[in-house]
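*Asks:* Curious how this folds, go ahead:
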Amino acid sequence: MALADESATLALAQRLAGCLEPGIVIYLRGDLGAGKTTLVRGVLNALGYTGRVKSPTYTLLEPYHAAGLDLRHFDLYRLHHDEEWESAGFRDEFDGHNIFFIEWPEKAHGLIPPADIEVCFTIPPQGREVEIQANTEMGKRCLENL
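*Replies:* Residues are numbered from 1 along each chain as shown. Okay, the predicted model is just below:
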């Protein structure tokens, strides 16, 4: 799917926000600046969140609460060792109640649950392109309503 500009990414985010359910895990893939955090910001804004949404590049995790939902936005770009994940206590976040957006999931392969949905951004010469894949029944339900 082509995304001509940031507003197209935010429109996609608004549709995605309407199909989220507790426990869903969404992997976000793409180069730096591809639109991963923009998508998360758009989802949060669509759910009524009015605070600042920033990339958790340095904190690795930013928690949010909106529309009665708890969202966790991970950016694992700077994760170098499995021990960092374990010592930070991130495993405890995966309790089945939170909604997860995980950037750079390959950095925690084997430590995080598999994706219900994978969103892959690419940057062609014009705009952005995104491919969305459902990997589970929960993911399929979400995308059917997208």
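*Asks:* Can you pull up the most central residue in this structure?
*Replies:* Central residue of the chain (CA atoms, centre = their mean): Phe101, 2.4 Å from the mean position.
*Asks:* Which strand or helix spans that one?
*Replies:* Here Phe101 sits within strand 99-103, counting by DSSP states H and E.
*Asks:* so how far is that strand off the chain centroid?
*Replies:* Here the centre of strand 99-103 is set off from its chain's centre by 4 Å, with CA atoms, centre = their mean, to the nearest Å.
*Asks:* The residue nearest to the centre of the chain and Cys19, how far apart?
*Replies:* Phe101 sits at a distance of 14 Å from Cys19 (criterion: CB to CB, to the nearest Å). Using the backbone N, CA and C atoms, a C-beta is placed for each residue, glycine as well.
*Asks:* so what pLDDT did Ser55 get?
*Replies:* Looking at Ser55, its pLDDT is 85.
*Asks:* Let me see the contact set for the nearest residue to it once chain neighbours are set aside.
*Replies:* Excluding its sequence neighbours, the residue lying closest to Ser55 (CB to CB, 6 or more residues apart in numbering) is Thr37, at 4.4 Å. For Thr37, the contact set (CB atoms under 8 Å, 6 or more residues apart in numbering) comprises 53-55, 73, 75, 103.
*Asks:* Surely Thr37 is in a helix?
*Replies:* Yes. Assignment of Thr37 by DSSP: H, G, I helix; E, B strand; the rest coil places it within a helix.
*Asks:* Next, work out how far apart it and Phe74 are.
*Replies:* 11 Å.
*Asks:* and if you look at Glu86?
*Replies:* Glu86 is 14 Å from Phe74, by CB to CB.
*Asks:* Give me the more crowded residue out of those two.
*Replies:* Neighbours were tallied for Glu86 and for Phe74 using other CB atoms under 10 Å; the higher tally belongs to Phe74 (25 against 11).
*Asks:* so what's the residue lying closest to Thr38 once chain neighbours are set aside scoring on pLDDT?
*Replies:* Nearest residue to Thr38 in three dimensions, chain neighbours excluded: Thr9, at 5.0 Å (CB to CB, 6+ apart). On pLDDT, Thr9 comes in at 89.
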